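> Predicted model and sequence follow; I will ask about them next.
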Amino acid sequence: MSEFLDFLQHKCAYVAIGEFKPGKFAEARHLYEKAVSTYRDGFQGAYLLQEPGTDKGIAVVFWDNIADMEANRNQVHDAILQEMSDLFLYPPTTNFYEVCSEIDSPTKSVGV
(Lines give C-alpha, C1' and ligand atoms only; values in the text may rest on other atoms or scores of the structure.)
Protein backbone atom coordinates (compact mmCIF):
# COMPACT_ATOMS: atom_id res chain seq x y z
CA MET A 1 0.00 0.00 0.00
CA SER A 2 2.87 2.43 0.72
CA GLU A 3 4.08 2.10 -2.89
CA PHE A 4 0.64 3.22 -4.06
CA LEU A 5 0.67 6.19 -1.67
CA ASP A 6 4.17 7.13 -2.88
CA PHE A 7 2.84 7.06 -6.43
CA LEU A 8 0.09 9.52 -5.47
CA GLN A 9 2.53 12.07 -4.07
CA HIS A 10 3.23 14.92 -6.45
CA LYS A 11 6.15 17.27 -6.71
CA CYS A 12 5.49 20.89 -5.92
CA ALA A 13 6.67 23.99 -7.73
CA TYR A 14 7.54 27.31 -6.15
CA VAL A 15 6.84 30.05 -8.71
CA ALA A 16 7.94 33.68 -8.48
CA ILE A 17 6.89 36.26 -11.09
CA GLY A 18 8.49 39.66 -11.04
CA GLU A 19 10.29 42.50 -12.72
CA PHE A 20 13.77 43.75 -11.96
CA LYS A 21 15.02 47.29 -12.10
CA PRO A 22 16.18 48.29 -15.60
CA GLY A 23 19.34 46.46 -16.60
CA LYS A 24 19.44 44.27 -13.47
CA PHE A 25 18.21 40.96 -14.90
CA ALA A 26 21.71 39.57 -15.57
CA GLU A 27 22.79 40.30 -12.00
CA ALA A 28 19.58 38.73 -10.67
CA ARG A 29 20.17 35.65 -12.85
CA HIS A 30 23.63 35.23 -11.37
CA LEU A 31 22.24 35.46 -7.82
CA TYR A 32 19.38 33.05 -8.68
CA GLU A 33 21.85 30.47 -9.96
CA LYS A 34 23.99 30.97 -6.86
CA ALA A 35 20.99 30.44 -4.57
CA VAL A 36 19.79 27.37 -6.47
CA SER A 37 23.28 25.84 -6.26
CA THR A 38 22.83 25.63 -2.46
CA TYR A 39 19.78 23.33 -2.74
CA ARG A 40 20.17 19.65 -1.89
CA ASP A 41 17.63 17.18 -0.47
CA GLY A 42 14.28 17.22 -2.22
CA PHE A 43 15.40 19.64 -4.95
CA GLN A 44 14.16 18.50 -8.37
CA GLY A 45 15.31 21.27 -10.72
CA ALA A 46 14.78 24.92 -11.52
CA TYR A 47 14.10 27.26 -14.42
CA LEU A 48 14.50 31.00 -14.79
CA LEU A 49 12.53 32.49 -17.68
CA GLN A 50 12.96 35.98 -19.09
CA GLU A 51 10.46 37.83 -21.24
CA PRO A 52 12.53 38.85 -24.29
CA GLY A 53 13.62 42.47 -24.35
CA THR A 54 12.50 43.15 -20.77
CA ASP A 55 13.64 42.73 -17.18
CA LYS A 56 10.53 40.63 -16.39
CA GLY A 57 10.94 37.03 -15.39
CA ILE A 58 9.49 33.89 -13.91
CA ALA A 59 11.42 31.57 -11.60
CA VAL A 60 10.19 28.01 -11.13
CA VAL A 61 11.81 25.68 -8.59
CA PHE A 62 10.66 22.07 -8.29
CA TRP A 63 10.69 20.23 -4.96
CA ASP A 64 9.63 16.83 -3.69
CA ASN A 65 7.49 18.76 -1.17
CA ILE A 66 7.25 22.15 0.52
CA ALA A 67 8.96 20.87 3.67
CA ASP A 68 12.10 20.10 1.61
CA MET A 69 12.16 23.67 0.34
CA GLU A 70 12.00 25.02 3.88
CA ALA A 71 14.70 22.56 5.00
CA ASN A 72 17.07 23.94 2.32
CA ARG A 73 16.97 27.47 3.71
CA ASN A 74 20.18 28.52 5.41
CA GLN A 75 22.13 31.73 6.14
CA VAL A 76 23.93 31.68 2.77
CA HIS A 77 20.67 31.15 0.87
CA ASP A 78 18.87 33.89 2.83
CA ALA A 79 21.75 36.35 2.27
CA ILE A 80 21.66 35.71 -1.49
CA LEU A 81 17.89 36.23 -1.61
CA GLN A 82 18.21 39.43 0.42
CA GLU A 83 20.77 40.73 -2.07
CA MET A 84 18.45 39.79 -4.93
CA SER A 85 15.46 41.53 -3.33
CA ASP A 86 17.18 44.90 -3.80
CA LEU A 87 17.16 44.32 -7.57
CA PHE A 88 13.37 44.01 -7.93
CA LEU A 89 11.38 46.93 -9.28
CA TYR A 90 8.60 45.77 -6.92
CA PRO A 91 8.18 42.61 -4.80
CA PRO A 92 7.54 39.48 -6.89
CA THR A 93 4.30 37.52 -6.79
CA THR A 94 4.95 34.04 -5.38
CA ASN A 95 2.91 30.88 -4.99
CA PHE A 96 3.13 27.10 -4.68
CA TYR A 97 1.67 24.70 -7.20
CA GLU A 98 1.25 20.95 -7.26
CA VAL A 99 2.82 19.34 -10.32
CA CYS A 100 -0.11 17.31 -11.65
CA SER A 101 1.30 16.41 -15.07
CA GLU A 102 4.87 15.94 -16.24
CA ILE A 103 5.67 15.06 -19.84
CA ASP A 104 9.22 14.38 -21.03
CA SER A 105 10.43 15.03 -24.55
CA PRO A 106 10.31 11.86 -26.71
CA THR A 107 14.04 12.29 -27.49
CA LYS A 108 14.87 12.58 -23.78
CA SER A 109 13.33 9.19 -22.99
CA VAL A 110 15.33 7.36 -25.68
CA GLY A 111 18.62 8.92 -24.70
CA VAL A 112 19.14 11.07 -27.81
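Sure thing, it's come through. Numbers count the residues shown, from 1 in each chain.
> Just give me the neighbour total for L81.
The number of residues packed around L81, counting by other Cβ atoms under 10 Å, is 14. For the C-beta atoms, the positions are set from N, CA and C on the backbone; glycine is no exception.
> That one touches A35, doesn't it?
Yes - applying Cβ atoms under 8 Å, one finds L81 in contact with A35, separated by 6.1 Å.
> could you pull out the helices for this protein?
2-8, 25-36, 66-71, 75-85, 106-109 (DSSP state H).
> same question for the longest one, mean pLDDT?
When pLDDT is averaged over helix 25-36, the result is 96.
> Quick one: distance of it to the chain centre.
Distance of helix 25-36 from the chain centroid (Cα atoms, centre = their mean, to the nearest Å) equals 11 Å.
> Can you give me the buried ones in that helix?
Residues 25, 28-29, 31-32, 35-36 are the ones in helix 25-36 that count as buried (16 or more other Cβ atoms under 10 Å).
> The third one now?
Residues of helix 66-71 classed as buried: 68-69 (neighbour count, 16+ other Cβ under 10 Å).
> Pick out the residue closest to the middle of the protein.
The structure's the chain has its C-alpha centroid closest to V61; by Cα atoms, centre = their mean the separation is 2.0 Å.
> how close does that one get to T107?
Distance check for V61 against T107: by Cβ to Cβ, to the nearest Å, it reads 25 Å.
> now swap in V76 and tell me
Counting by Cβ to Cβ - V76 and T107 are separated by 36 Å.
> Comparing the two, which residue is more hemmed in?
Higher neighbour count among V76 and T107: V76, with 12 against 8, using other Cβ under 10 Å.
> need the helix or strand of the protein with the lowest average pLDDT.
helix 2-8 (a mean of 50; mean pLDDT, DSSP states H and E).
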